[in-house]
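Engineer: Sequence and predicted model, in that order:
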Amino acid sequence: MVKYEYGGDACEDVLGGLQKIIHLQWNQPVRILIHVADCPSHGRRYHDLPEHKDHYLSSDNDGTIGQELFDKFVQLDLKYFFGRLTSHTDKMMEQFIQFGQKRISIEEINLKNFQNLLPFIVESISRSISKTTSSLLKSHSIVENNHQNTKISRISRISFDSIEPDWLNIPMKKVQVIKYQCNDQLVCEQINQSTNIKIAEKPFAEGAMRLAFYGLMQNKDKWEKVVLKKYKKIHNDIDMKEKYLELLDCQTIADHLAQEFNKLSLSTNESTSTMKKIKFIMTKLVFDPESEGNVHFFTIERFIDGSYKKFSNNAGYVNHEDPAVTLQAFSHWTYERTNGNMIVVDLQGIDIGDNQTYLLTDPCIHSTDLTRFGRTNLGKPGIKRFFETHICNSICQTLKLKMIENQSVTKTSSKYDSYFIEKKSFIINKSISSKHS
């Protein structure tokens with residue numbers, strides 16, 4: 001731990017403290033920097049306080065020191081978590097983000113006078129360990145050598161480009177498209193198509209499992225802006241195709257159920273101001289079967305520009321700050337609609353602007369059939385976890401949805417819920433949303 005000492009003015013030698021960080025022994029793969037501050041660094045670049053509040057106002061005028069620090073943080077692959085106590089540090093953090101140049105993950109949380117400090121630290125460390133362990137496992141692949149010996153090969157470091165390319169310089173390629181269509185029995189039919197696409201050479205963001213690329217897709221005589229996503233590691237072409245098809249299956253069924261749910265508002269007295277419409281972004285699978293070497297698979301969906309919000313996850317978390325009663329009721333309704341065999345959870349997305357419609361992406365489905373919907377399908381335990389934190393609301397009551405055994409009747413939340421709700425996220429290496437991947 002690096003301690004700051006009071007020097008007689010309001011500002012602190014934050015850069016000096018961060019320089020000490022570089023010289024620590026970072027021997028382990030999990031490298032976490034937790035920075036808690038109520039005052040900014042010295043230097044006009046880092047704050048807007050009156051001059052008498054900073055005895056070293058000219059410190060790092062050109063930003064050279066700060067930039068060099070963050071260049072080294074990138075090399076160390078640090079995870080930077082900042083605990084915000086006052087607004088005085090906001091300009092400093094904006095500058096730090098610029099220094100990071102989209103190469104480092106920076107997350108900020110409002111600690112409210114240390115009230116959330118312990119959950120903040122526990123959650124930061126836990127998630128970093130989980131993510132780093134997952135990354136280490138995914139960064140190696142076992143390759144068969146003479147059918148007897150194995151060797152481990154490391155994936156090369158991924159290079160990102162957040163700027164949309166000049167599409168005139170990107171070649172067009174013809175690809176095969178797989179689209180799913182769902183019937184009322186929630187069985188999907190595969191529809192094969194073909195189209196032309198253009199795809200950026202480098203990804204602009206990443207999630208835990210996938211990389212996101214800017215793209216264009218030809219629709220008749222027009223090019224539409226899209227996002228293409230692919231898994232970071234390919235083990236086997238057949239297995240990988242199945243993983244993508246699981247995503248299509250999940251999203252297509254969720255959208256079919258959402259369309260059914262939307263029709264219910266027409267037959268109830270529930271006001272439209274309470275019961276909103278739900279839509280899921282259509283996802284398709286594209287691939288070039290004639291490409292040399294491994295076949296490259298991508299999911300493709302239209303580009304949605306907006307501020308994404310996490311409303312729930314697949315482990316019972318509910319955003320109580322914005323509980324989105326329509327979405328909570330929708331999840332509950334999907335359980336009854338499928339006779340307890342499925343439930344659609346992990347809902348995130350945007351309000352598309354009319355304040356009456358949620359546009360969602362990347363849901364999860366818990367199902368009693370564990371052969372469907374991939375690893376995020378937690379089966380009956382996942383269904384149980386949803387109801388442990390779900391409180392029936394006015395829409396549930398209007399739709400006459402039944403409570404199940406052990407369902408919560410009062411607000412229940414994880415002791416770390418405030419972290420998920422209140423954090424102001426500056427995660428750079430992500431797509432448009434925290435769940436574009």
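Structural biologist: Sure, I can see it. Residues are numbered from 1 along each chain as shown.

Engineer: Tell me where the stretch 101-250 of the chain has helices.
Structural biologist: 117-138, 237-264 (DSSP state H, counting those that start in this stretch).

Engineer: whoops, I mixed them up, the stretch 301-437 of the chain
Structural biologist: So, for the stretch 301-437 of the chain - with DSSP H, counting those that start in this stretch - the helices run 325-337, 379-389, 394-398, 417-422.

Engineer: buried ones in the second one?
Structural biologist: So the one you mean is helix 379-389. Buried residues in helix 379-389, defined by neighbour count with 16 or more other Cβ atoms under 10 Å: Gly382, Ile383, Lys384, Arg385, Phe386, Phe387, Thr389. Just so you know, the C-beta spots here come from the backbone N, C-alpha and C atoms, and that holds for glycine as well.

Engineer: Going by distance to Glu51, which of those wins?
Structural biologist: Thr389 (50.6 Å; Cβ to Cβ).

Engineer: wait, isn't the closest one in contact with His320?
Structural biologist: No - contact criterion Cβ atoms under 8 Å: Thr389 and His320 do not qualify, at 9.4 Å.

Engineer: The buried residues of helix 379-389 into a markdown table, with extra columns for distance to Arg45 and pLDDT?
Structural biologist: Shown next, in a markdown table, are the buried residues of helix 379-389 (distance: Cβ to Cβ, whole Å; pLDDT from 0 to 100):
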| residue | distance to Arg45 | pLDDT |
| --- | --- | --- |
| Gly382 | 48 | 91 |
| Ile383 | 52 | 94 |
| Lys384 | 52 | 92 |
| Arg385 | 47 | 89 |
| Phe386 | 47 | 93 |
| Phe387 | 51 | 92 |
| Thr389 | 44 | 89 |
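
Engineer: export the residues you listed to CSV and tack on distance to Lys174?
Structural biologist: Formatted as CSV, the buried residues of helix 379-389 follow (distance: Cβ to Cβ, whole Å):
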residue, distance to Lys174
Gly382, 40
Ile383, 42
Lys384, 47
Arg385, 44
Phe386, 43
Phe387, 47
Thr389, 47
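
Engineer: and Gly340, what is it in contact with?
Structural biologist: Shown in contact with Gly340 (Cβ atoms under 8 Å, 6 or more residues apart in numbering): Thr368, Ile383.

Engineer: for stretch 382-392, the distance to its chain's centre please.
Structural biologist: 22 Å (Cα atoms, centre = their mean, to the nearest Å).

Engineer: then that stretch to PDB, C-alphas only?
Structural biologist: Output of stretch 382-392 as PDB, limited to C-alpha atoms (Å, rounded to 0.1, in the frame of the first residue of the first chain):
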ATOM      1  CA  GLY A 382     -30.400 -20.800 -11.900                       C
ATOM      2  CA  ILE A 383     -34.200 -20.600 -12.000                       C
ATOM      3  CA  LYS A 384     -34.300 -20.900  -8.200                       C
ATOM      4  CA  ARG A 385     -31.700 -18.100  -7.900                       C
ATOM      5  CA  PHE A 386     -34.000 -15.800  -9.900                       C
ATOM      6  CA  PHE A 387     -36.900 -16.300  -7.700                       C
ATOM      7  CA  GLU A 388     -34.900 -15.900  -4.500                       C
ATOM      8  CA  THR A 389     -34.400 -12.200  -5.400                       C
ATOM      9  CA  HIS A 390     -37.600 -11.600  -7.500                       C
ATOM     10  CA  ILE A 391     -40.400  -9.600  -5.900                       C
ATOM     11  CA  CYS A 392     -43.700  -9.700  -7.800                       C
END
